[in-house]
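**Student:** Sequence first, predicted coordinates after that:
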Amino acid sequence: FFSSRRRHTRLLTVTGVQTCALPISFRKTLFRSFLDSLQPVEPQSISLRDGEVVVYRRSRSLLYQCRYKLADGSWVRQSTGQAALEHAVTRACDIYDEARFRQRLGLAHRAQSFAQIASEVLQDLRRLIDAYSGKTAYHSYVSCIERYFLPYFKEHQLEQITASELREFELWRDRQMARRPRASTLQNFASAWNRIIATAVEQGYISERVPVPRLSVKGQKSQPRPAFSGEEVQQLLTFMDAWQHQGRLPVEREMRPLLRDYVEMLLYTGMRHGTEAMGIRWQDLQWHTAGGVRYLRIMVSGKTGPRWLIAKHRAVEVVKRLHSRRTGLAQMSFETTLQQRVKDKLFAFSDGYQPPSLNGTFRRLMRDSGLLKSPEGQNRTLYSLRHTYATLALLEGMDIHTLARQMGNSAAMIERHYSKLTATLAAEQIGRAHV
């Protein structure tokens, strides 16, 4: 029985499965269907350009990757962004050719997006701000990049931005700001933009020969900051003497005395509000003797770099008040604190904490004192105190060159900003000379 069965039965092995023999015609049809069902197997990887380009696909990815060899022998991986093998091969070769071409030009092998370059610039700016070694304007640069440049140019390539696109950006920016920017604001935008370009060149992302368009700096002329008159200064000093003790909350009882000392120090030195003033440490204060008279001199560092300035004698009382409130310095006398070159911040609460801003409390002070508006109707800010120092110093007879060194400006800038005042003083001096 079994031998007879074997004569009429054959075993057909298809993909490892044994089945009973079927009629010849049916077996041919089944085998043909099996072959048609088989998918062509693509190679796991393909080598191109004498092995310097390899196209492959990861097991869990639908898109092909490539790795290619640079001129220095290092290998770089990058997605082709293609799911079809033939398109992936073409794209991989294009990537390789572009990378080699950029290397011959001395550039980075791969172009960076605007967002990637801007990210590097922001990291550098924040590092400078955190270290108190940067300019006050660095905060403005960060704002320009984050609020305007990145939302508009995020996916662009820096070297591909045209002059017309930049003009369109300027129109968009002005609409976002809902006002016509002043020249000083446009200068901040231009400086932040130039910093991005400089970083791209330094890192080799673009060539210095690439003509990247620049932002315009022509805007509405800025108005001089409103100053306080001599009478208003006396009114403010008298008002702050009682106002500093009227805080209800614990933070107000710390903030108000600190603001009073901060305001007086700006009035007595002409230093810049912000980075210069808030960055001062006790170690930056020294005694300086000239002509038998002892002066307090302060090292400040800000917009124009480090410099020494001489404080008016009344500033010594300000510093002594700051010292008396600091619990961490209670064990040292005022003189010892200066000699020991303590690294703590000068303008801080009793526990050493420095608030991030005094602007809000100053606005409250201006409203409470009735000095918020100048006679011209402008709001006074902490920057008005520096303008007040310069104005009163010129009225008291300080020459422009000495004032420029004290304030960290050029004599030309002092002349330009206070031209009306200096012309009046010159006329008075000439008039007295001819009496």
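**Tutor:** Structure's in. What do you need?
**Student:** show me where pLDDT drops low in this protein?
**Tutor:** Counting by pLDDT under 70, the chain shows low-confidence ranges at 1-24, 26-28, 30-31, 34-43, 106-107, 132-136, 219-224, 419-435.
**Student:** quick one, phi psi at Thr269?
**Tutor:** phi -130, psi -30 (degrees, to the nearest 10).
**Student:** you'd agree it is up against Trp308?
**Tutor:** No. Look at Thr269 against Trp308 with CB atoms under 8 Å: they stay out of range, at 11.0 Å. From N, CA and C alone the C-beta is placed, and that goes for glycine too.
**Student:** Between the two, which contacts overlap?
**Tutor:** Ile298 (CB atoms under 8 Å, 6 or more residues apart in numbering).
**Student:** Which one of those two is surrounded by more residues?
**Tutor:** Thr269 (26 against 13; other CB atoms under 10 Å).
**Student:** For Ala315, see how far away the more buried one is.
**Tutor:** As judged by CB to CB, to the nearest Å, Thr269 and Ala315 stand 6 Å apart.
**Student:** Also Trp75?
**Tutor:** For Trp75, the distance to Ala315 - CB to CB - is 63 Å.
**Student:** Would you mind listing the residues in contact with Lys320?
**Tutor:** So Lys320 contacts Phe334 (CB under 8 Å, 6+ apart).
**Student:** For the chain, just list every one of the strands.
**Tutor:** Assigned by DSSP state E, the strands in the chain fall at 11-14, 17-20, 45-48, 53-57, 64-69, 75-79, 285-290, 293-302, 305-310.
**Student:** mind listing the helices for the stretch 51-200 of the chain?
**Tutor:** Taking DSSP state H, counting those that start in this stretch as the test, the helices found in the stretch 51-200 of the chain are 85-104, 114-130, 137-144, 150-153, 163-177, 183-202.
**Student:** elements contacting the shortest one?
**Tutor:** With contacts defined as 3 or more CB pairs under 8 Å, 6 or more residues apart in numbering; DSSP states H and E, the secondary structure elements packing on helix 150-153 are helix 114-130, helix 163-177.
**Student:** ok so, going back, Gln339 is nearest to which of the helices of the stretch 51-200 of the chain?
**Tutor:** For the helices of the stretch 51-200 of the chain, the distance to Gln339 is smallest for helix 114-130, at 29.0 Å, taking CB to CB.
**Student:** now that closest one against helix 183-202, angle please.
**Tutor:** 110 degrees (axes from the mean of the first three to the mean of the last three CA atoms, to 10 degrees).
**Student:** So what touches helix 114-130?
**Tutor:** 134, 138-139, 141-142, 145-146, 149-150, 153-158, 161, 192, 195-196, 199-200, 203, 205.
**Student:** Could you check that helix and say which residues are buried?
**Tutor:** By 16 or more other CB atoms under 10 Å, the buried positions in helix 114-130 come out as Phe114, Ile117, Ala118, Glu120, Val121, Leu122, Leu125, Ile129.
**Student:** Look up how far Phe114 lies from the fifth one.
**Tutor:** As defined by CB to CB, Val121 lies at a distance of 10 Å from Phe114.
**Student:** Pretty sure Ser207 sits against Ile197.
**Tutor:** No. Using CB under 8 Å, Ser207 is not in contact with Ile197, being 11.4 Å away.
**Student:** the more surrounded of the two?
**Tutor:** A side-by-side neighbour count of Ser207 and Ile197, using other CB under 10 Å, places Ile197 first with 20 against 14.
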